[in-house]
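Trainee: Sharing a sequence plus its predicted fold:
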Amino acid sequence: TLEWDNYDLREDALDDSVSSSSVHASPLASSPVRKNLFHFGESTTGSNFSFKSALSLSKSPAKLNQSGTSVGTDEESVVTQEEERDGQYFEPVVPLPDLVEVSSGEENEQVVFSHRAELYRYDKDVGQWKERGIGDIKILQNYDNKQVRIVMRRDQVLKLCANHRITPDMSLQNMKGTERVWVWTACDFADGERKVEHLAVRFKLQDVADSFKKIFDEAKTAQEKDSLITPHVSRSSTPRESPCGKIAVAVLEETTRERTDVIQGDDVADAASEVEVS
């Protein structure tokens with residue numbers, strides 16, 4: 001038997017044991033024993049033991065971290081850390097200047113001619129032509145005052161290598177020995193100051209060079225009449241027909257002709273057989 005089976009927990013038995021005046025009564029069977037015993041459903045204000053703390057711990061909400069967000073599973077913690085990282089703000093070490101809109105000066109002008117070319121200038125001290133830049137040479141006309149100018153910028157660096165107006169007294173001349181190079185004299189402002197330059201432009205194709213000459217002459221006329229120029233889209237010349245292409249076309253035509261003859265022969269044979277049967 002267990003030790004607590006020998007105790008009688010009934011209220012009458014406890015009262016009898018305490019009130020009895022037996023000499024053999026044990027000092028343990030006193031009122032403190034009654035105080036240590038309790039019954040379910042009764043008030044436990046006098047004791048330190050309580051079930052309330054255990055229940056409150058089991059039903060307590062999830063702990064909060066320093067940021068104020070709940071800490072749950074690993075996935076939730078990863079999402080929370082990413083949100084905190086996205087919300088971080090770092091001040092720049094070096095303050096950046098305000099955004100400035102860059103103007104090229106070509107906003108109010110129409111592109112009348114534009115094509116890739118190579119520009120040269122004549123050096124009087126050395127007595128020879130020197131390359132000034134490679135890029136797109138443009139003929140631009142202002143919408144308001146109808147003035148026409150030539151603008152050319154170097155590739156990649158976009159530095160000006162030609163910037164001057166086209167006046168009625170200017171003229172283009174072919175360089176000796178080649179028909180794809182045009183030479184003229186102008187007051188150029190590419191270096192930021194007015195300077196008389198002897199310029200030469202070389203194109204890769206003859207058709208493009210002829211188009212440049214045509215637009216240049218139209219620009220001089222437009223300056224005199226104060227009129228706008230019709231924009232010209234420069235195109236490369238169409239490639240010449242190669243003998244291989246002609247042979248391929250001839251073979252295709254011959255094959256088509258043979259198939260047509262075979263189909264027509266089959267139709268005639270079918271018609272003849274139908275006549276014989278009838």
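Mentor: Thanks, I have the structure now.
Trainee: which stretches of the stretch 51-200 of the chain have low pLDDT?
Mentor: 51-87 (pLDDT under 70).
Trainee: Run through the helices of it in chain order.
Mentor: 52-58, 74-86 (DSSP state H, counting those that start in this stretch).
Trainee: Help me confirm that residue 203 comes into contact with residue 178.
Mentor: No - at 10.1 Å, residue 203 and residue 178 do not qualify as touching, with contact defined as C-beta atoms under 8 Å. Yep, even glycine has a C-beta here, placed from its N, CA and C like the rest.
Trainee: which of those two has more neighbours?
Mentor: residue 203 (21 against 12; other C-beta atoms under 10 Å).
Trainee: count of neighbours near residue 103?
Mentor: Residue 103 has 7 neighbouring residues, counting by other C-beta under 10 Å.
Trainee: contacting residues around it?
Mentor: With contacts defined as C-beta atoms under 8 Å, 6 or more residues apart in numbering, residue 103 has no neighbours.
Trainee: Now do the phi/psi pair for it.
Mentor: When read as degrees, to the nearest 10, the backbone of residue 103 gives phi -110, psi 130.
Trainee: And it, how close does it get to residue 152?
Mentor: Note on residue 103: its distance to residue 152, by C-beta to C-beta, to the nearest Å, is 18 Å.
Trainee: Check residue 95 too.
Mentor: 37 Å.
Trainee: what residues are shared contacts of residue 203 and residue 178?
Mentor: Common neighbours of residue 203 and residue 178, using C-beta under 8 Å, 6+ apart, do not exist here.
Trainee: For residue 107, the count of nearby residues, please.
Mentor: By other C-beta under 10 Å, neighbour count at residue 107 equals 6.
Trainee: typed the wrong thing, it's residue 169
Mentor: As a burial measure, residue 169 scores 8 neighbours (other C-beta under 10 Å).
Trainee: hang on, the earlier thing: between residue 95 and residue 152, point out the one with more neighbours.
Mentor: residue 152 (24 against 6).
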